[in-house]
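Trainee: Attaching a predicted model along with its sequence, questions to come.
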Amino acid sequence: MKHVDFAGRLVMLGFGSIGQGVLPLILRHIGITADRITIVTAEERGHEVAAEYGVRFIIEAATRDNYRDLLSPLLGKGDFLLNLSVDVASVALMKLCQELDCLYLDTVVEPWAGGYTDPSLTPSQRSNYSMREEAVALKPAFQGGPTSVTAHGANPGLVSHFVKQALLDIARDTGRQVSVPKPADRTGWATLARDLGVKVIHIAERDTQVSLTPKKPGEFVNTWSVDGFVGEGSQPAELGWGSHEKALPPDGHRHGFGCDAAIYLMRPGASTRVRSWTPLEGPMHGFLITHNESISIADYYTLRDQAGAVTYRPTSHYAYHPCDDAVLSIHELAGKNWQMQPEKRLMTDEIVHGMDELGVLLMGHAKGAYWYGSRLTIEEARRVVPHNNATSLQVTAAVLAGVIWAIENPREGVVESDEIDHERALAICAPYLGDVVGAYSDWTPLQDRAVLFPEDVDSSDPWQFKNFRVV
């Protein structure tokens, strides 16, 4: 079905796995013809997919020096810039779109090339926290202007909608739906989370997709952007910091500016592990990779008193177990002091089986822990839309939903995923998420601990970050 008609032009900046996967979805569900779509990308990869759909394909990298001259002739009032690139500053593009009066969406707030690992910047300055602060600082000036949806892919993006649905499910299952109606605003959602007793929110993901071609030495293998994964994995580990936490980790630091909803650790996210749980995998160790949603969720679900002091905030962070070949790739990358391997391989057609189990794990409420999310197999992903694997389709479906929402709500200025109508977004994504399920568990990070070796844990409160972290 066509969800919405769009009379303007659409420029897609970047055409990696997500761009190639979302193009057929856009043409399937948005009323736009191929001749009004232009792809601008830094490399030849994906040219055959663009040709398959009859879409114009321009090979030219957008840089700090040329992005205005490159993009301005292709965009005007009422058009759409879909930013799926890496190494192009999102904030610069958002400002350009406001000047040109066109819509905008990205899946992550990106810096210019080298921004993730610039040694002249402090860890705080090159954090997702800092980049998000720069993006949301545009809100007052852009109020009432063309909609710019920031950080709306699978995560960040889709998982924020999962959180809201999970809260409603827990409220229903604990009998609170009679006294707590569906929240109408940010304060209402935060109040519901507090009243339910939610202390911790994990974005808990386990990718089990495998290929018959094993990873080789000197090769980084992944099911989505290698450059994107290495970039964010090399950033400091970041997490939204809850009001129930008793003490900062020994290597934890506050940023000293902005909303103060998050902290960072003095180590890369790809070398920081946490305990988490998904229904099919069960207990697992995931990487605490920094992500925008770790901060935006913690910020969105914050309550303050009249003096501005925080009275409630959940701890929120990513707990990611990528495909096994990616785990080996990270191990090798760390051993080379975070210097990228000479070869990169994106697993697509060679995947033979597996799934991506992506959801949110809400903990501390009356029923213990509740995971809500998508179980998408490679077979189902291939069946429903071409040019996707299970991981990319969870992203591309969410990109589609964000683009449609922006077209339907064209004068909202800067908008984060947490502020979008979650029911509309989930309805658009649903055909592409496989099995969407919710599952309760009595799991805690203290389960089966200290069986072989004594550990320093806080047994009085299982939901302390100290108990989740793997040391």
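Mentor: Looks like it arrived, so ask away. Remember, it's a predicted structure, so these values are computed and weren't measured experimentally. Numbers count the residues shown, from 1 in each chain.
Trainee: Break the protein into its domains for me.
Mentor: The record, using automatic domain parsing to delimit domains, assigns the chain the ranges 4-150, 158-389+425-470.
Trainee: Mean neighbour count and distance to T396 for the ones you listed - can I get that in JSON lines?
Mentor: The way it works is simple: take the backbone N, C-alpha and C, and place the C-beta from them, glycine included. Shown next, in JSON lines, are the domains of the chain (neighbours: other CB atoms under 10 Å; distance: least, CB to CB, whole Å):
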{"stretch": "domain 4-150", "mean neighbour count": "19", "distance to T396": "4"}
{"stretch": "domain 158-389+425-470", "mean neighbour count": "19", "distance to T396": "6"}
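Trainee: Could you say which one of those domains comes nearest to D418?
Mentor: Closest approach to D418 among those (CB to CB): domain 158-389+425-470, 4.1 Å.
Trainee: so how far is that closest one off the chain centroid?
Mentor: Mean-position distance between domain 158-389+425-470 and its chain equals 10 Å (CA atoms, centre = their mean, to the nearest Å).
Trainee: Over to stretch 145-165?
Mentor: Distance, centroid of stretch 145-165 to centroid of chain: 8 Å (CA atoms, centre = their mean).
Trainee: before we move on, back to that, how about the domains of the chain, which one is nearest A406?
Mentor: domain 4-150 (4.4 Å).
Trainee: end-to-end on the closest one?
Mentor: 20 Å (CA to CA, to the nearest Å).
Trainee: Can you give the distance from it to the centre of its chain?
Mentor: 16 Å.
Trainee: rewinding a little: what would the domains of the chain look like in a markdown table with mean pLDDT?
Mentor: A markdown table is the format used below for the domains of the chain (pLDDT from 0 to 100):
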| stretch | mean pLDDT |
| --- | --- |
| domain 4-150 | 97 |
| domain 158-389+425-470 | 96 |
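Trainee: what secondary structure does K466 sit in?
Mentor: Secondary structure, DSSP: H, G, I helix; E, B strand; the rest coil: K466 is helix.
Trainee: Distance check, it against R275.
Mentor: According to CB to CB, to the nearest Å, K466 stands 11 Å off from R275.
Trainee: what do you get for T117?
Mentor: For T117, the distance to R275 equals 28 Å [CB to CB].
Trainee: Show which residues not belonging to stretch 19-32 make contact with it.
Mentor: 1-6, 10, 12, 34, 37, 39, 41, 46, 49-50, 53, 55, 82, 84, 385-388, 392-393, 395-397, 399-400, 403-404, 407, 428, 432 (CB atoms under 8 Å, 6 or more residues apart in numbering).
Trainee: Output that stretch as CSV, restricted to C-alpha atoms.
Mentor: What follows is the C-alpha trace of stretch 19-32 in CSV, where atoms were taken according to Å, rounded to 0.1, in the frame of the first residue of the first chain:
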residue,chain,number,x,y,z
GLY,A,19,20.4,2.9,1.2
GLN,A,20,20.1,-0.1,-1.1
GLY,A,21,17.7,-1.8,1.2
VAL,A,22,15.4,1.2,1.7
LEU,A,23,15.1,2.2,-2.0
PRO,A,24,12.6,-0.6,-2.9
LEU,A,25,10.6,0.2,0.3
ILE,A,26,10.3,3.9,-0.6
LEU,A,27,9.1,3.1,-4.1
ARG,A,28,6.7,0.5,-2.7
HIS,A,29,5.1,2.6,0.0
ILE,A,30,5.6,6.3,-1.0
GLY,A,31,3.9,7.9,-4.0
ILE,A,32,7.0,9.0,-5.8
